[in-house]
Each structure stands twice: as structure tokens, then as C-alpha cells.
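Q: sequence-free structure coming up:
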Ligand SMILES: Nc1nc2c([nH]c(=O)n2[C@H]2C[C@H](O)[C@@H](COP(=O)(O)OP(=O)(O)OP(=O)(O)O)O2)c(=O)[nH]1
């Protein structure tokens, strides 16, 4: 078996007024124009929560309250295993300023599956629906 480095990526499922924030990755980089939850790679010496606060400040210029940690999802590419670590979060600051993403949308849970998500996020969505007690199969075609 080939050993691949494990890269932890804390990400935020930001809730506000019954909606959830989805963010579209920019055109240039990896997973271009795919939708994701804001967050990013854990740096040396950081806790998952510290990483999440730093990334949300860098990417959206917001402060957050961090709630429940959902199950992790692993995705292998050629060189590494990406481990998504989702946290249910809320905003504690008002204004969002995008610095990296193409766009963001606030969507109801039912609308979320219709975006073109990064592959691993399909599993994150499923776990989030289970957490909310929403039956995904009742509305996803
Ligand atoms: N933040 C975030 N990253 C995700 C999600 N789903 C998913 O596959 N990823 C991947 C994309 C990136 O490869 C990695 C997060 O790294 P990053 O946010 O620092 O993005 P990046 O473009 O600098 O990363 P890279 O692929 O160029 O190394 O995890 C998600 O929902 N949120």
C-alpha cells in the first residue's frame, strides 16, 4: 500500500436564519468552480478550531461561533488524502467580504444538493442532513 500524507481540512457549515452558506471555488485553482464549505488546510501547531477561525477570516473576513463537529470525510487524490472536518457554525460578525471565492449563496438545506459540489462534499451534505434529521432521499432526484 502506498502511503499518502493526510491533510486535515476543517470546514464550516455556516447557518443563518434557516439557510446555509455555500461557496464556489475560484476559476484558477484545483476543483475550479466546484462548491464547497469555506475552510482550509490545517497548519502546523494549529487546532482545528483555530484553523477554521483563521480560514474564515482570510476567506470571508468574518468571525464565527463554532458548534458541533460532524463526522469526517476522506478523499484521496494522487498525492494525498484530504480529510474534511465539518463544523456547524454561525456568524458573529455582519459583513462578508470575499477574498478567494467566486461567489457565495445562502440556500435552504433542500436547495444545497443541486449545486455542483466538490465530490467529498456530497458525503458532508449527507452527514449534515442526518444531523438535522432531514431525509435527503425525499427530495434529491
Ligand atoms: N475548504 C474546503 N476544501 C475542500 C472542500 N471539499 C474539498 O474537497 N476540499 C479540498 C479542496 C482543497 O484541495 C482542500 C482545501 O485546501 P484549501 O482550502 O487550502 O484550498 P487550495 O486550493 O489552496 O488547496 P490545493 O488543492 O490547491 O492544495 O480540500 C470543502 O468543502 N471545503
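A: Good, I have the coordinates. Model, not experiment: these values are computed from the prediction.
Q: near the ligand, which residues of this protein show up?
A: Contact residues (Cβ under 6 Å from any ligand atom) of the chain with the ligand: 9, 11, 29-31, 36-41, 75, 82, 84, 118, 120-121. Yep, even glycine has a C-beta here, placed from its N, CA and C like the rest.
Q: quick one: the strands in this protein, in order.
A: 6-16, 19-24, 35-36, 64-69, 73-76, 81-91, 103-107 (DSSP state E).
Q: and the residue positioned nearest the centre of the chain, what does it touch?
A: Within the chain, the residue whose C-alpha comes closest to the C-alpha centroid is residue 37; the distance, by Cα atoms, centre = their mean, is 2.2 Å. With contact taken as Cβ atoms under 8 Å, 6 or more residues apart in numbering, residue 37 is in contact with 11, 12, 13, 14, 21, 22, 23, 84, 86, 121, 124.
Q: what bridges to the residue lying closest to the last one once chain neighbours are set aside?
A: This points to residue 124. Counting by Cβ to Cβ, 6 or more residues apart in numbering, residue 124 lies nearest to residue 86, which is 5.1 Å off, once chain neighbours are set aside. Listed beta-bridge partners, residue 86: residue 11 (assigned using DSSP bridges).
Q: the nearest residue to the residue nearest to the centre of the chain once chain neighbours are set aside: neighbour count?
A: Counting by Cβ to Cβ, 6+ apart, residue 37 lies nearest to residue 11, which is 4.0 Å off, once chain neighbours are set aside. Residue 11 has 26 neighbours, counted by other Cβ atoms under 10 Å.
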